[in-house]
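K.L.:
Give me a model of this one.
(one chain, ligands or ions: 1)
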Amino acid sequence: MSAPTIAPSQNPHYVRLGGHEPIVRLVDAFYLAMDTLPEAATIRAMHEPDLRTTKGVLVKYLSEWLGGPKLYAPERGAPMLRRRHQPFAIDSAARDAWMACMRQALSEVCTDEPLRAELEAAFYKVADFIRNTDDGGSTRPHPGRPREVQPDAVAAPHSSLS
Ligand code: HEM
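P.N.:
Below you'll find the model as predicted:
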């Protein structure tokens, strides 16, 4: 895919990271880490053997989430990431394995240390929001659902900025 033009955005992360091409490298490094880190074997098994389609979707999502061109929603609709991850049992070990892969990828692609720290924190918020299974195996309610809001849980914004 050729690099899309940058849309004006309040979120500077896309520009700070360097635009489309570093996102493609980040996603490649992320799934390579998932293929190789022993602690990621469980979450790797949740994915299709062939990751090409998944990689393309994550590139589009991250472009938009980081404040770049909106490549995801026009094609796939509202992200609703918690709902989209509902078929998979995601406990804190799965969240931490996902984060280990993303930390590894960021360490390879993002040399700007303050940006890397911001992005790690932003990814962690989403990964923890997506967690849907307590460590004992019981289903965890949606943290953003009205009247079921847990004091320590906040809904993940569709942006890496907050
Ligand atoms: C917390 C641990 C996580 C696990 C175990 C996990 C696992 C998965 C799996 C198994 C899929 C399906 C892939 C496929 O169709 O082949 C998926 C899709 C996806 N994940 Fe995650 N994920 C996690 C966290 C995240 C986070 C933190 C983000 C975003 C920052 C994210 C973004 C996405 C996106 C955009 C998709 C595609 C959704 C669509 O179909 O449109 N995931 N994830």
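
K.L.:
Quick check: chain neighbours aside, which residue is closest to the residue nearest the centre of the chain?
P.N.:
Nearest residue to the geometric centre of the chain (C-alpha atoms, centre = their mean): F123, 5.7 Å. Closest residue to F123 apart from its sequence neighbours, by C-beta to C-beta, 6 or more residues apart in numbering: M102 at 5.2 Å. Just so you know, the C-beta spots here come from the backbone N, C-alpha and C atoms, and that holds for glycine as well.

K.L.:
Same check on L58?
P.N.:
Counting by C-beta to C-beta, 6+ apart, the residue nearest L58 is V27, at 5.0 Å.

K.L.:
ditto for S107
P.N.:
Excluding the flanking residues, the one nearest S107 by C-beta to C-beta, 6+ apart is R116, at 7.4 Å.

K.L.:
May I see the buried residues of the strand or helix carrying the residue nearest to the centre of the chain?
P.N.:
For F123, the host element (DSSP states H and E) is helix 113-130. Residues of helix 113-130 classed as buried: 115-116, 118-119, 122-124, 126-130 (neighbour count, 16 or more other C-beta atoms under 10 Å).

K.L.:
which of those residues sit farthest apart?
P.N.:
L115 and I130 (22.4 Å; C-beta to C-beta).

K.L.:
and the protein, which of its residues are near the ligand?
P.N.:
43, 46-48, 54, 57-58, 61, 76, 81, 84-85, 88, 90, 94-95, 98, 123, 126-127, 130 (C-beta under 6 Å from any ligand atom).

K.L.:
What's the PyMOL syntax to select whichever of these are buried?
P.N.:
The PyMOL selection below is limited to those of the residues of the chain next to the ligand classed as buried (16+ other C-beta under 10 Å):
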select buried, resi 43+58+61+81+85+90+94+95+98+123+126+127+130
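
K.L.:
Right, I'll leave it there.
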